[in-house]
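Visitor: Next one to model:
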Amino acid sequence: MLSIFWRLLIPVLLLVLSLYSVFEIGRIQPQYQPLLTYLPYPLLLLAMLLAQQFNRLRVFAAAGLFMLAFITVQLGLQQPLSEPRPFFLYTALSLLLPLNVMLLALMPERGIWSRYGFVLLLCLLAQALGLSVWPEALLQQPFPYRYLFDSHPAQGYLLSYAANLLFALALLITAGLLVLRKGETEAALVVCLVAVYLTLQLFSVAYISAILFSCCALCLMYCLFRNSHDMAFRDDLTGLRNRRAFNEKLRSLAGHYVIATMDIDHFKKFNDRYGHEVGDDVLRLVAAQIGKVAGGGVAYRYGGEEFCVVFTGRQSADACTVFLEQVRVAVASYGISLRNQASRPPSQKQGQSQRGAAVKAKTVSVTISVGVAERGVELRKAEQVLKASDQALYKAKKQGRNCLVLA
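Guide: So this is what the prediction gives:
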């Protein structure tokens, strides 16, 4: 949950600052206030350009969606909502925006130049075309459950029952996906949903659409920057911090710290025997256990089957060995089920008929060796501490593996 909090922190702060700006707009001199209506255009366009550079379809589509929505507000919603055309456009936006954001949250990230991107682009263009040519008079005709789409369902409340239901459903699904995936895009979409909801609900407030759609653009750009940081400093296979992040950490270490180096025992033989696909599964499982290390340790994938854990603070190496021993025991006791490729059915039809039948899978386990060193009188530099922990790891290998040696 802490990772979700950090992902939401900056977007939520941007939203709070935007709302504060909405109600402090009077501090800007009147002749400069109309310039705010132009602010979302460059920001949303910049978000689209950045998304194109990073090949992020969902962010690109979200920025395009908000651009179309803001253009609709500026061109078609500058008259009272009591008139047919503005009422139709407002109702359509209140229904289509949560539906589209929910769709973007649900769909996988496949890149802009894919069939997903092509279909999504066609959907957005079809909706924009529909808003421009759809006869608003149809909304005035009586039809079942029409009251669900009327505005003012309660005193001082602008959105319809149907719009409120869709926004609640979209927010629930997007927030659920954020908890499951812990992704930056989901975090940005959650805050954008709230911003769009407030825009439509407080629609009569001056410049609210310009400021909150600008907030959406900033949230999307922040999401892209966070994604680029993860791409640079996260290992793709295990999800742990990578060698680059570890080197950055070494350069910033000061005071007292402990470095532990870990290696999967006989991993090359295991890889040769069971294949690289199973080997990758083993790396993920071992990394997941190392990533749970207690005591404030931070785990890194150093390279190949080697991992490092850094403890900062006043803890001694002896105190840290307790937490590292917990990891070593957890890895050794974890049974890994091997997928038997030879027993796979030759056809999909046979596979479906056998689905649900009990299959006894072969289970194996792996072990790790650990070397630990701490900064002291003789080991002053981080490179020296790392070398000492690596030498301790070599001693653990010589002592029979699946053990911990303190330098």
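
Visitor: Mark out where each domain of this protein begins and ends.
Guide: Domain ranges of the chain: 2-232, 243-339+361-406, per automatic domain parsing.

Visitor: Include mean neighbour count and mean pLDDT when you put those into a markdown table, please.
Guide: For glycine as for every other residue, the C-beta is placed from the backbone atoms N, C-alpha and C. Formatted as a markdown table, these follow (neighbours: other C-beta atoms under 10 Å; pLDDT from 0 to 100):
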| stretch | mean neighbour count | mean pLDDT |
| --- | --- | --- |
| domain 2-232 | 17 | 89 |
| domain 243-339+361-406 | 17 | 91 |
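
Visitor: Do a quick rundown of the strands in the stretch 201-350 of the chain.
Guide: Secondary structure of the stretch 201-350 of the chain (DSSP state E, counting those that start in this stretch): strands at 257-264, 298-303, 306-312, 336-338.

Visitor: Compare these and give me the one nearest residue 28.
Guide: Residue 28 sits nearest to strand 298-303 of all these, at 44.7 Å, using C-beta to C-beta.

Visitor: Just the CA atoms of that closest one, as PDB, please.
Guide: The C-alpha trace of strand 298-303 is given here as PDB (Å, rounded to 0.1, in the frame of the first residue of the first chain):
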ATOM      1  CA  VAL A 298      16.800  -2.400   0.100                       C
ATOM      2  CA  ALA A 299      17.200  -5.200  -2.500                       C
ATOM      3  CA  TYR A 300      18.900  -4.900  -5.900                       C
ATOM      4  CA  ARG A 301      19.500  -7.300  -8.800                       C
ATOM      5  CA  TYR A 302      23.300  -6.900  -9.300                       C
ATOM      6  CA  GLY A 303      23.400  -9.000 -12.400                       C
END
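
Visitor: Same list, the strands of the stretch 201-350 of the chain, but as a markdown table with distance to residue 197 please.
Guide: Formatted as a markdown table, the strands of the stretch 201-350 of the chain follow (distance: least, C-beta to C-beta, whole Å):
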| stretch | distance to residue 197 |
| --- | --- |
| strand 257-264 | 46 |
| strand 298-303 | 38 |
| strand 306-312 | 42 |
| strand 336-338 | 45 |
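
Visitor: between those, which one is nearest to residue 34?
Guide: strand 298-303 (49.7 Å).

Visitor: Could you tell me the angle between the closest one and strand 257-264?
Guide: In terms of direction (axes from the mean of the first three to the mean of the last three C-alpha atoms, to 10 degrees), strand 298-303 departs from strand 257-264 by 50 degrees.
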